[in-house]
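S.K.: structure of the sequence below:
(one chain, ligands or ions: 1)
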Amino acid sequence: MLRTFSEHHVRPATSLAGLWDFIVARDRRDKARLPKNYTRKISVPSCWENLPGLETYRGKGWLHTTVPATPGKALRLVFGGVSHTATVYVDGKAAGRHYDAYSTWDIIVPPGRKRSHEVVVEADNTFGPHSCLHHGDDFYSYGGITRPVEAQTVPEVFIDKLFAVPRRTGKTWALDLRVRLRNWSDTSLRRRVVVAVARRQFDLGRVTVRPGATREVKGALSGLSVEPWTAETPRLYDVTAQLTDGNTVADDLIDRVGFREVCVKGSKLLLNGRPIRLQGYNRHEDHFNFGCALPIEIMVHDLALLRDLGCNFVRTSHYPNDMRFLDLCDELGFYVWEESHSKTVDLKHPLFRTQLKDHTVEMIEWHFNRPSIIIWGCLNECISHTRQGRTQHAWTLALMRKLDASRPVTYASFRGNDICFDLVDIIGFNLYPGWYWGEVKDVEEATDGFVRDVRRGKYPGAKNKPIIFSEFGAGALPGYHDPRDPKWSEEYQAKVLDECLRVFLNHPGLVGAAIWQFCDVRATEGAMNPRVMNNKGTVDECRRPKRAYEVVKQRMHEARARHAPSDL
Ligand code: ADA
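M.R.: Next comes the predicted model:
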């Protein structure tokens, strides 16, 4: 399943998880476009790096399966994530192409007379001029179908997406709704949309959808008597949209909402009108045994560790996460800064706008209703100090605001001469005192200095905005202990985090702090990092705690106790 719950009671949906046939380019003997034979089996979802001999394989791979179909009915194949470029072939013909590993997308397979389709996914994880967003880095671009895939049987007009924005109206709540219908057939068709939420039903009326087109139906549902969503009270409600054709319910889509409003007021970040403080981690989707294709059990375990550590906040550095992880954040109560896949990206790259635009639309549209996501982020550590960088930041942030005006936007900068802070709602800043510069004793002064600079107007248009320290930390090689506390020892990392958290979690000038990073992660081949890993995790790549774990836990819990519950 793509999500942690059923999205349909009416639309038939089948998970395509299981063993698919598999071959990589270097094992192929034929020159045909699609392989004639497959040499292995691969689990979907997974990373091919988990297979013997393919631990460092970078190239193309083909994955094949047979998908059952109903004659006369169209299929919608939904891919949670293929890393990182996919071409899909259905019954030997190219049926769709997609770039970027970390967003969800779909293709429609028109109806035929067959009872099944042969589906081949050609996945490619190579770097080069064709790929602006994926490039070598201190995390890894794996290969394969790395997130769940689903086959859905859809009628001619079906519910493509549902967008719900909760709004507080005195004692009750309203929900601004858009339901997007899609018609894959060659006939104009008229359908009615009905929405149910919190035991109330709303008729959004009838619309005609033209052949091959999409059309949105809008409505504002008011007077909802519901409990609000917060990280401490993560109350969720189903929103069910149904499409009727005469007296028949032809299709449905179920999503969940949490009733909460997030906004920025002066230098505060407010949730349902009350200031919140964010304390948590940057987290990569990575694990020694699974690469980026984390089973849900690992996601649940990660969130249990984060809860144990006293966190209420996750930054999905540096890309949109698996939909199930976000579902769990909604359910368990975590605040999320979800970030588009745009880390240290070349803003002058000819494909920058095309690739980031498609990706951003997918991120925001597929993840729109999650209450846990309270911030959209983009462009980690890019050239936000140059004029050209500013143009691209303005374009990217405007795109995010256009797609969703209900959440604050930000990016994480590391530049003391940044010229783009006026474009965001929240200032995100990465700083590594005691690691890339200075010593542990410099943390407090550096913090006061940055906050003072912002408040005194060093950065135009940023004076009174909320500030989050979006990254800080230190590397520690698991098991390396040394009483002299040298860099790379577990002791030194614990010392840096202890001091950073002491200062950041209590600083009146900050609304949040996110440690870099939750777990150690694999870096791209050729990276100079020890173990070819980014070793700044508080737990290692198997989630074994380092010495810093207990220190972080203590500081986080102290901070939670100090701030009134409504402030957390
Ligand atoms: C940057 C970057 C992270 C990571 C970190 C580090 O701040 O945003 O992705 O690379 O540095 O470990 O150096």
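S.K.: and the helices in this protein, which stretches?
M.R.: Applying DSSP state H to the chain gives helices spanning 296-308, 323-332, 352-366, 387-403, 443-455, 490-504, 548-562.
S.K.: what residues does the chain put near the ligand?
M.R.: Residues of the chain lying near the ligand by C-beta under 6 Å from any ligand atom: 138, 318, 343, 380, 381, 430, 471, 516, 534, 536. C-beta coordinates here come from the backbone N, C-alpha and C atoms, glycine included.
S.K.: so who does the fourth one touch?
M.R.: Residues in contact with residue 380, defined by C-beta atoms under 8 Å, 6 or more residues apart in numbering, are 317, 318, 339, 342, 343, 344, 411, 412, 430.
S.K.: ok, the last one to residue 279 distance?
M.R.: Distance of residue 430 to residue 279, computed by C-beta to C-beta, to the nearest Å: 16 Å.
S.K.: which one's more surrounded, these two?
M.R.: Shown here are residue 430 and residue 279; by other C-beta atoms under 10 Å, residue 279 has more neighbours (26 against 20).
S.K.: sorry, back to before: ok, and the most crowded of the residues of the chain next to the ligand?
M.R.: residue 536 (28 neighbours).
S.K.: circling back: can I get the residues of the chain next to the ligand in TSV with pLDDT?
M.R.: Shown next, in TSV, are the residues of the chain next to the ligand (pLDDT from 0 to 100):
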residue	pLDDT
138	96
318	96
343	97
380	98
381	97
430	98
471	98
516	98
534	98
536	98
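S.K.: and the residues you listed, which of them are in strands?
M.R.: 430, 471, 534 (DSSP state E).
S.K.: I figured the first one hits residue 468, correct?
M.R.: Think residue 430. No - in this structure residue 430 lies outside contact range of residue 468 using C-beta atoms under 8 Å: 10.0 Å.
S.K.: tell me, what residue is most central in the chain?
M.R.: The centre of the chain sits closest to residue 320, judged by C-alpha atoms, centre = their mean, with a distance of 2.0 Å.
S.K.: separation between that one and the ligand?
M.R.: 16 Å (C-beta to the nearest ligand atom, to the nearest Å).
S.K.: didn't that residue look like it was pressed against residue 100?
M.R.: No - Residue 320 is beyond contact range of residue 100, at 9.2 Å (criterion: C-beta under 8 Å).
S.K.: where do the contact lists of these two overlap?
M.R.: 341, 362.
S.K.: quick one, phi/psi of the nearest residue to residue 553 once chain neighbours are set aside?
M.R.: Spatial nearest neighbour of residue 553, chain neighbours left out: residue 309 (5.0 Å); criterion: C-beta to C-beta, 6 or more residues apart in numbering. Per-residue torsions, residue 309: phi -70, psi -10 (degrees, to the nearest 10).
S.K.: going forward, count from 20.
M.R.: Yep, numbering from 20; the last one is residue 328 now.
S.K.: ok, residue 328 - contacts?
M.R.: 300, 557, 568, 571, 572, 575.
S.K.: swap in 6 Å and give it another go.
M.R.: Residues near residue 328 by C-beta atoms under 6 Å, 6 or more residues apart in numbering: 571, 572, 575.
S.K.: please apply the same query to residue 335.
M.R.: Neighbours of residue 335 in contact, by C-beta under 6 Å, 6+ apart: 357, 358.
S.K.: any stretches of this protein with poor pLDDT?
M.R.: Applying pLDDT under 70 to the chain flags the ranges 583-587.
S.K.: tally of neighbours for residue 32?
M.R.: 17.
S.K.: am I right that it is in contact with residue 172?
M.R.: No - using C-beta atoms under 6 Å, residue 32 is not in contact with residue 172, being 7.8 Å away.
S.K.: thought the residue nearest to the centre of the chain was touching residue 382?
M.R.: Yes - at 4.2 Å, residue 339 and residue 382 qualify as touching, with contact defined as C-beta under 6 Å.
S.K.: what do those two both touch?
M.R.: In contact with both residue 339 and residue 382: residue 122, using C-beta under 6 Å, 6+ apart.
S.K.: send the alpha carbons of stretch 185-197 over as CSV?
M.R.: Coordinates of each C-alpha in stretch 185-197 appear next as CSV, following Å, rounded to 0.1, in the frame of the first residue of the first chain:
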residue,chain,number,x,y,z
PRO,A,185,-8.7,23.6,7.3
ARG,A,186,-9.8,27.1,8.6
ARG,A,187,-10.7,28.1,12.1
THR,A,188,-14.0,29.9,12.3
GLY,A,189,-14.6,30.8,16.0
LYS,A,190,-15.5,27.6,17.8
THR,A,191,-16.0,25.5,14.7
TRP,A,192,-13.9,24.7,11.7
ALA,A,193,-14.3,25.1,8.0
LEU,A,194,-12.6,23.1,5.2
ASP,A,195,-11.9,24.7,1.9
LEU,A,196,-12.0,21.9,-0.6
ARG,A,197,-10.9,21.3,-4.2
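S.K.: buried sites along that stretch?
M.R.: 185, 186, 192, 193, 194, 196 (16 or more other C-beta atoms under 10 Å).
S.K.: farthest pair in these?
M.R.: 192 and 196 (12.6 Å; C-beta to C-beta).
S.K.: for the ligand, what's the nearest residue on the stretch 320-469 of the chain?
M.R.: residue 449 (4.4 Å; C-beta to the nearest ligand atom).
S.K.: what's the closest non-adjacent residue to that residue?
M.R.: residue 490 is the one closest to residue 449 (C-beta to C-beta, 6+ apart), at 3.7 Å.
S.K.: check contacts around residue 433.
M.R.: Residue 433 neighbours (C-beta under 6 Å, 6+ apart): 400, 449.
S.K.: centre of the chain versus stretch 429-445, how much separation?
M.R.: 21 Å (C-alpha atoms, centre = their mean, to the nearest Å).
S.K.: for it, list the C-alpha coordinates in CSV.
M.R.: Provided in CSV are the C-alpha atoms of stretch 429-445 (Å, rounded to 0.1, in the frame of the first residue of the first chain):
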residue,chain,number,x,y,z
THR,A,429,11.6,28.5,3.8
TYR,A,430,15.0,27.3,2.7
ALA,A,431,18.1,26.5,4.6
SER,A,432,21.0,28.9,4.1
PHE,A,433,24.5,28.8,5.3
ARG,A,434,25.6,32.2,4.0
GLY,A,435,26.4,35.2,6.2
ASN,A,436,25.9,37.4,3.1
ASP,A,437,22.5,35.9,2.2
ILE,A,438,20.3,38.2,0.1
CYS,A,439,17.1,36.1,-0.1
PHE,A,440,15.7,36.1,3.4
ASP,A,441,13.0,38.6,2.5
LEU,A,442,11.5,36.0,0.2
VAL,A,443,10.6,33.5,3.0
ASP,A,444,8.3,33.3,6.0
ILE,A,445,10.8,31.6,8.2
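S.K.: quick revisit: now render the helices of the chain as TSV, adding mean neighbour count.
M.R.: Below are the helices of the chain laid out as TSV (neighbours: other C-beta atoms under 10 Å):
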stretch	mean neighbour count
helix 315-327	17
helix 342-351	22
helix 371-385	19
helix 406-422	17
helix 462-474	17
helix 509-523	22
helix 567-581	18
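S.K.: closest one to residue 73 among those helices?
M.R.: helix 315-327 (20.7 Å).
S.K.: which residues are contacting the closest one?
M.R.: Contacts of helix 315-327 (C-beta under 6 Å, 6+ apart): 306, 343, 344, 347, 351.
S.K.: report the two of the residues you listed separated the most.
M.R.: Pairwise over these, using C-beta to C-beta, the maximum falls at 306 and 351, 19.1 Å.
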